[in-house]
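Q: Sharing a sequence plus its predicted fold:
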Amino acid sequence: MITAEPRLLFVYGTLMSTASSAMGRGPRARLAKASSLIGRAAAPGYLFDLGDYPGLVLGLPAPARNAAGRVFGELRQLLRPIQMFDWLDRYEGIDTGATQTAKYRRMVVDVTHLDADGREIASPAWIYVYEGPLAGARLLTAGVWPD
């Protein structure tokens, strides 16, 4: 059970420090200034190629469960989470006044990463979960964007 809101954010697409696409360039730079990179991490879920960006979903129908069930990305320590989520939510298409039309939802899940001693640990982190349509989207079975 997660008892406190974390200062950690798991990113897996256009906001990753290794992303090179034009999409997300400004928000990526803003995130880099307002957080520190902890390192590579993995979250539970399945990753879909949605065109210019990916979407992480938590559950899949049985026929599609040939994927690893893990999405790989980066874990970041947020300096001022409340202020950051104001603009991050807008970037991710979350309008707090129109939750029925939002394609993403921000939530907390346990994300695995390596600690200072190289041991794998789980920490609660914010992630953006895709809740839009998946028709025509390609499952990225390796859980990596871009694959």
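A: Looks like it arrived, so ask away. Residues are numbered from 1 along each chain as shown.
Q: Going by C-alpha atoms from here, please, whenever you check contacts or count neighbours.
A: Will do.
Q: The closest residue to residue 17 other than its chain neighbours and residue 87: what is the separation?
A: Spatial nearest neighbour of residue 17, chain neighbours left out: residue 28 (6.9 Å); criterion: CA to CA, 6 or more residues apart in numbering. Using CA to CA, to the nearest Å, residue 28 is found at 12 Å from residue 87.
Q: neighbour count winner among those two?
A: Neighbours were counted for residue 28 and for residue 87 using other CA atoms under 10 Å; residue 28 has more, 18 against 15.
Q: quick one: that one from residue 123, how far?
A: 22 Å.
Q: Mind listing residues that contact stretch 16-34?
A: 13, 14, 15, 52, 73, 74, 78, 79, 80, 84, 88, 91 (CA atoms under 8 Å, 6 or more residues apart in numbering).
Q: my bad, should have said stretch 126-134
A: Looking at what lies outside stretch 126-134 - CA under 8 Å, 6+ apart - the contacts are 6-11, 48, 50, 55-58, 92, 102-109.
Q: Derive a ChimeraX selection command for the buried subset of those residues.
A: Here is the ChimeraX selection string for the buried members of the contacts of stretch 126-134, based on 16 or more other CA atoms under 10 Å:
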select :6,7,8,9,10,11,48,55,56,57,92,102,103,104,105,106,108,109
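Q: which regions of this structure sit below the pLDDT cut-off?
A: 1-4, 61-67, 96-101, 147 (pLDDT under 70).
Q: Tell me where it has helices.
A: 25-33, 81-91 (DSSP state H).
Q: Throw the ones you listed into JSON lines and include distance to residue 135, thanks.
A: Output for the helices of the chain, formatted as JSON lines (distance: least, CA to CA, whole Å):
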{"stretch": "helix 25-33", "distance to residue 135": "27"}
{"stretch": "helix 81-91", "distance to residue 135": "23"}
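Q: quick one: which of these is nearest residue 118?
A: helix 25-33 (23.5 Å; CA to CA).
Q: buried stuff in the closest one?
A: Applying 16+ other CA under 10 Å to helix 25-33 flags 25, 28, 31, 32 as buried.
Q: just the residues you listed now: which is nearest residue 69?
A: Nearest to residue 69 among these: residue 28, at 25.7 Å, using CA to CA.
Q: pretty sure residue 93 is touching residue 102, no?
A: Yes - contact status for residue 93 versus residue 102: in contact at 6.1 Å, counting by CA atoms under 8 Å.
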